[in-house]
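Peer 1: give me the fold of what follows.
(one chain, ligands or ions: 2)
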Amino acid sequence: MDDRVVSVALPLPLQAAFSYRVPEGLPFPERGSRVLVPFGARRVIGVVTGTGSSVPGLKDVADVVDETPLILPPLLDLARWVSEHYLAPPGECYRLVLPPSGVRASRALARLAADPGPTPDDPVVNALRAGPLALSTLARRLRRDPTAHLLRLRRQGVVAVDQDLRAGGFRYLRIASLTGLSVRPGGSAQAEILDRLAKAGGRLDVPGLVRGRSTLRGALSRLVAGGAVAVAEERDMRSPEILEGRKAVPLDLSREQAAALGPLREAVASRAFVPFLLHGITGSGKTELYFRIVEQALETDRGSIVLVPEIALTPLLVRAAADRFGATVAVTHSELSAGERHDQWWRIREGESRVVIGARSAVFAPVADLGAIVVDEEHEASYKQEESPRYHGRDVAVMRARLEGAVAVLGSATPSVESHANALSGKYRRLVLSSRVGLQGLPRVEIVDRRAILKSGGDPILTPPLVEALEECLARGEQAILLLNRRGYATSLLCRECGQQAACPNCSVSLTVHRGGATTECHYCGHLSKAPSACAFCRGEYLRLTGFGTERVIEAVQAAFPKARVARLDRDVARRRGAVAGVLAGFEAGQTDILIGTQMIAKGHDFPRVTLVGVVDADVGLGLPDFRAAERTFQLLTQVAGRAGRGDLPGEVVLQSHLPDHYALRLACGQDYEAFFNHEIEFRRTMGYPPAAALVNVIVRSADAGKGAREAEALAQALRQGAVGKYRVLGPARAPLARLRREHRHQILLKGRRGAMRDAVRRALVERYGEVRWPGVAVDVDPVSVM
Ligand code: ADP
Ligand code: ZN
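Peer 2: Ligands and ions are numbered 1, 2, ... in the order given. I've put the predicted structure just below:
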């Protein structure tokens, strides 16, 4: 065995790891160090994951980027776990823990050697007198490729070249400063430089210093050689916003909060892995408990991560965290520029930020010495990444806590069926907050049967009971929320002659109508077009809008309440940068009376003047062919109902439905989680769905339907061998979403023991496609949805 062989994960969608030899002369990279390695015709940066296997024809590591490991050991273990648990390409998983731009080789810097001796009068040496230069800059300055020239100088020991890789992606400023050594300026150019520097307080960036006079550059070099001026490169931090704290003080805990905090504090102090499920009804004050444990971790110098489903929807939590913890809070969100994202990563890695708030991917933030990890609204589907690597942020969070000996707190008013089952089995410790912090109890709920209203010819969007409740709410000067979890104007465009719906050219779904009927959009692939004026099938010209979305609700509300100030919040509105924050702030400030929107308005918000919540159509989502349809509906309705009556005013909920007797609706009205869970777990057991069994969904994608079907059949056959007693194989069948982005989808659903299913899938795929790439096959372990 050759002890100079390392295994390297490359940031590529390949299932295999790769071994490289470390040539003599390079420092031996430890696990977690980045290395530059040849891959095909390219050179890429990978991360050393351990010792490799020595096989003939090994290539050499080209350079060692980090002499001390950059990636923290628990995060390396976490990346490997993600790769194994989700059968995802290792390189893609290690990429999750690398700095954002750490996958590219970056620039080489030439500098004068530490002790160059008497330096020759040489153009390269002269150029470097003012400080290190990137090779590309040097080439530009000299107007030719300096490589051969540099090689000679390097051999003479005059110049050194560093791979400036660790720093790749930073922005650098070249700063000239007065050293304090006084010299007589040799000429007007030198005098000018000294003058400019003095006026600027002794420091100036070099481009600014020499601006307008090209001769100043040479003069600067001479001043540097003479010792009067020094030039250094300094890293420039593009921090998005350093959050300023107002130093808010902790709230006095309610009796229930105090009771829950006890075990949490004990766990944090123990420095051991303890997973908690914090089941607290809406408005019970979970956030304050999150902050208390973050605070406790900070007191002992440990960091924390707080995961939220979506940063844009949680401005209050972010603000509260900044008020409480000040500048040590880093917020990661999708609106950061690449540069900001990069600098943010380093701020966290270098320990300047010890509290990280972010969505799913923040679970991989390079927080050293993690004390606590919080997953707020742990039941949210957005924690699952729907592209490779298909990880679940909540489950990764629990695994990270285990690897770091940290406390994991999963919080929700409507825990996922899996998490509640874990709490009941003792895998998670259960903490309960059963009452609201304020004086108000839970809101009063009324279910309106839309069938009866339709029969009597009433308006199906705003039924009379909802109109009445809105009237009263507005008359009292209070605010209302109207939920419809369907964006757009109409759900489809139907031909009256042949009965066909306008369909997406790329997907097997009907198009949604937007902008009052002007455009159509596919909600799966984004295909946008002008609304057709004739049926694509029979050329019939009588098209009818059917179903309704949020745009249509706004129209109806404006017609019924012309004086009310209304705003909409859904993905269409959210496309504009800053729009979500604007709408939420306007509503919070009372500039809006009625907020209309999709599930985006149901989450976590705390608006004390909202006393009415109307659910325009509670059945959206119930009809989906997905085993989580009832769970999602229950969660959404319970959450949105929880927005009403959070201040000192009582709340009211009006829920319109075609299926008023459905258990998910009935039990959401009473916010009866236990009853819902008991009903749901029965269904999961009978049908073999999680948590009664694990699922692995194998999706075969193909441009050709016949070919896809044959591939799926062959895979299913391989999977059926060895299934007995371990798992069941369902399918292959066309996926419920049979065509997506021009690809046909076939799926094979496995139910049973996760480990056995994973092994079988890996074996079948390796046998069919080899070790390296599994083209056209997506494996989804623990899918949150099987559509
Ligand atoms: P949850 O996340 O459980 O729905 P929040 O954490 O948003 O609830 O708390 C609901 C409201 O109660 C917030 O306005 C919060 O500031 C307030 N609150 C929480 N704990 C306390 C407390 N101990 N004393 C006073 N107000 C509190
Ligand atoms: Zn489409």
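
Peer 1: please compute how far stretch 188-201 lies from its chain's middle.
Peer 2: 49 Å (CA atoms, centre = their mean, to the nearest Å).

Peer 1: pull out the buried positions in it.
Peer 2: Under the neighbour-count criterion of 16 or more other CB atoms under 10 Å, stretch 188-201 has 189-190, 192-194, 196-197 buried. Where you see a C-beta, it was placed from the backbone N, CA and C, and this is true even at glycine.

Peer 1: what's the neighbour count on the residue in the stretch 251-400 of the chain positioned nearest to ligand 2?
Peer 2: Using CB to the ion, the single residue of the stretch 251-400 of the chain nearest to ligand 2 is Glu386, 15.5 Å away. The local packing of Glu386 (other CB atoms under 10 Å) involves 12 other residues.

Peer 1: before we move on, the earlier item: among the buried residues of stretch 188-201, which two are most distant?
Peer 2: Every pair in the buried residues of stretch 188-201 was compared (CB to CB); the two farthest apart turn out to be Ala189 and Leu197, at 12.9 Å.

Peer 1: re earlier: now the buried residues of stretch 188-201 in TSV, with distance to ligand 2 and secondary structure?
Peer 2: Converted to TSV, the buried residues of stretch 188-201 look like this (distance: CB to the ion, whole Å; DSSP: H, G, I helix; E, B strand; the rest coil):
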residue	distance to ligand 2	secondary structure
Ala189	64	helix
Gln190	67	helix
Glu192	64	helix
Ile193	62	helix
Leu194	66	helix
Arg196	60	helix
Leu197	61	helix
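
Peer 1: export those residues to TSV and tack on distance to Arg354 and pLDDT?
Peer 2: As requested, the buried residues of stretch 188-201 are exported to TSV (distance: CB to CB, whole Å; pLDDT from 0 to 100):
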residue	distance to Arg354	pLDDT
Ala189	48	89
Gln190	47	90
Glu192	46	90
Ile193	42	91
Leu194	43	91
Arg196	40	91
Leu197	37	90
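
Peer 1: ok, and of these, which contact ligand 1?
Peer 2: Among the buried residues of stretch 188-201, proximity to ligand 1 is found for none (CB under 6 Å from any ligand atom).

Peer 1: which among the residues you listed gets closest to ligand 1?
Peer 2: Of all those, ligand 1 sits closest to Leu197, with 52.1 Å by CB to the nearest ligand atom.

Peer 1: was I right about the closest one contacting Ile175?
Peer 2: No. Look at Leu197 against Ile175 with CB atoms under 8 Å: they stay out of range, at 10.5 Å.

Peer 1: now do the shared contacts for these two.
Peer 2: Taking CB atoms under 8 Å, 6 or more residues apart in numbering as the criterion, Leu197 and Ile175 both touch 203-204.

Peer 1: for ligand 1, give me its nearest residue in the stretch 601-750 of the chain.
Peer 2: Using CB to the nearest ligand atom, Asp606 is the residue of the stretch 601-750 of the chain that sits closest to ligand 1, at 4.5 Å.

Peer 1: CA-only coordinates of stretch 128-135, as PDB, when you get a sec.
Peer 2: This file holds the C-alpha atoms of stretch 128-135, laid out as PDB (Å, rounded to 0.1, in the frame of the first residue of the first chain):
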ATOM      1  CA  LEU A 128       6.800  43.100  -8.400                       C
ATOM      2  CA  ARG A 129       8.600  45.600  -6.200                       C
ATOM      3  CA  ALA A 130       5.200  47.200  -5.500                       C
ATOM      4  CA  GLY A 131       3.800  43.900  -4.200                       C
ATOM      5  CA  PRO A 132       2.500  40.600  -5.400                       C
ATOM      6  CA  LEU A 133       0.700  40.400  -8.800                       C
ATOM      7  CA  ALA A 134      -1.600  37.900 -10.300                       C
ATOM      8  CA  LEU A 135       0.100  36.300 -13.400                       C
END
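
Peer 1: so how far is that stretch from its chain's centroid?
Peer 2: Chain-centre distance of stretch 128-135: 39 Å, with CA atoms, centre = their mean.

Peer 1: same check, this time on stretch 690-705
Peer 2: 23 Å.

Peer 1: pLDDT on that stretch, on average?
Peer 2: With pLDDT averaged residue by residue, stretch 690-705 scores 95.

Peer 1: with stretch 472-486 instead?
Peer 2: Average pLDDT, stretch 472-486: 95.

Peer 1: check stretch 426-435 too.
Peer 2: On average, the pLDDT along stretch 426-435 is 95.

Peer 1: could you tell me the end-to-end distance of it?
Peer 2: Distance between the boundary residues of stretch 426-435 (CA to CA, to the nearest Å) amounts to 23 Å.

Peer 1: can you check stretch 602-611 too?
Peer 2: Using CA to CA, the end-to-end distance of stretch 602-611 comes to 14 Å.

Peer 1: go ahead and name everything in contact with it.
Peer 2: Residues from elsewhere that reach stretch 602-611 (CB under 8 Å, 6+ apart): 283, 308-310, 313-314, 316-317, 376-377, 380, 473, 476, 478-481, 483, 584, 587-588, 590, 636, 639-640, 643-652.
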